[in-house]
Structure formats: C-alpha cells, structure tokens
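Asker: sequence unknown, structure follows:
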C-alpha cells in the first residue's frame, strides 16, 4: 500500500545512498577550506549534511524547535570515519522514526521559532520534506566545494562529468 510514510522511507534511503558517496570523498587535509569568507568550512558543511537525517525524528517526535531554548553544539569531526558514523547513526534513527509513525500523525503541526519569533509552522510531513530538500541542497553545495578542490564528483541521479563508467 502506498502511503506518505512509505514514500518517505523509500526517498530517504535513496538520498542516503547518494549522500554516502559524497561523504566518503571529503579530503581530510582540506577540512578547514572555504570557497568564500561567508561560506561554511568543508568539514562544517559535510557535518551539517551528516546531521540532517536527524531532522526527521526531530520533526516526528517534537512539536517545536526553539533556537532560544536550544543547547545545540556543533559536532566536532576529525576524520571521515567519524563523519560517516554520524551520518549512519542519524540515518538509522530517521528510518526508525518513519517506521513508527503514520500518515495521519504527520499532519500534526510543528513550529520552528526563536523565542517569541515564529519562523514557520508546518506539518510534520513538511518537516520531513524540508529535511530531504536541505539534504539535496547541501549535498549539491558540497559538490561545488569538492569541484573547486578538484575532487572527482560522484553521480547523483545519473553519471557526473567525472564518471567514466557510462
């Protein structure tokens, strides 16, 4: 039976397979590199990408994200194996959270705020879509970073210009 949840489970797994390819090729000796002073560092962007699957259980299991009340501390990564481990743990939790929810529950509201300032109120379903969109967006951004560092880019939804196997 096709459900919203089953659609998201399939999509999250498909995007994870692509993301893994990108996280495996981060040059550890370039972790601090930035293409522009306003840009995140390479490791900061890659870590954010590895953490993005955690937005799915966050959206499912909570009703609000309040930055003013948060105690978020960026994860420090020293090696690619740590980066990949963070991603795999967050991916596992995302799939588990999806497997334990229902289409009906995903219609409940979720709010992102900073104290009294409300940034958005959307459904839990839309939080999952936002997490997936952010994953795709930041993975593409990472691809640009890697291209600028002359790292061959893996294909995403087909071959890349660097993929000679096709």
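Answerer: Nice, I can see it. What you are looking at is a predicted structure, and each value in this text was computed from that prediction instead of being measured.
Asker: got the contact list for the worst-scoring helix or strand of the chain on mean pLDDT?
Answerer: Taking mean pLDDT, DSSP states H and E as the measure, the helix or strand of the chain with the lowest value is strand 64-66, at a mean of 94. Contact with strand 64-66 is made by 58, 110-115, as judged by Cβ atoms under 8 Å, 6 or more residues apart in numbering. C-beta: built from backbone N, CA, C; applies to glycine.
Asker: quick one: buried residues of the helix or strand hosting residue 10?
Answerer: Counting by DSSP states H and E, the element that carries residue 10 is helix 4-23. Counting neighbours by 16 or more other Cβ atoms under 10 Å, one finds that the buried residues in helix 4-23 are 4-5, 8, 12, 15-16, 19, 22-23.
Asker: same question, stretch 61-79
Answerer: Neighbour counts using 16+ other Cβ under 10 Å place 65, 77 of stretch 61-79 among the buried residues.
Asker: One more: stretch 32-42?
Answerer: For stretch 32-42, by 16+ other Cβ under 10 Å, it's 35, 40, 42.
Asker: Just the ones of the residues you listed in helices?
Answerer: Among the buried residues of stretch 32-42, the ones falling in helices (DSSP state H) are residue 42.
Asker: List just the nearest of the buried residues of stretch 32-42 to residue 51.
Answerer: Lowest distance from residue 51 to those (Cβ to Cβ) belongs to residue 40, with 12.4 Å.
Asker: and the gap between the closest one and residue 83?
Answerer: The spacing between residue 40 and residue 83, counted by Cβ to Cβ, to the nearest Å, is 14 Å.
Asker: got it, and residue 104?
Answerer: Distance, residue 104 to residue 83, using Cβ to Cβ: 36 Å.
Asker: neighbour-wise, which of these two wins?
Answerer: More crowded of residue 104 and residue 83, by other Cβ atoms under 10 Å: residue 83, with 23 against 10.
Asker: following whichever strand or helix holds the more buried one, which helix or strand comes up?
Answerer: Counting by DSSP H and E, the element that carries residue 83 is helix 80-99. Later in the chain than helix 80-99, the nearest helix or strand by DSSP H and E is strand 109-114.
Asker: For that next one, name the packing helices and strands.
Answerer: For strand 109-114, the contact count by 3 or more Cβ pairs under 8 Å, 6 or more residues apart in numbering; DSSP states H and E identifies strand 64-66, strand 117-123, helix 124-148 as packing neighbours.
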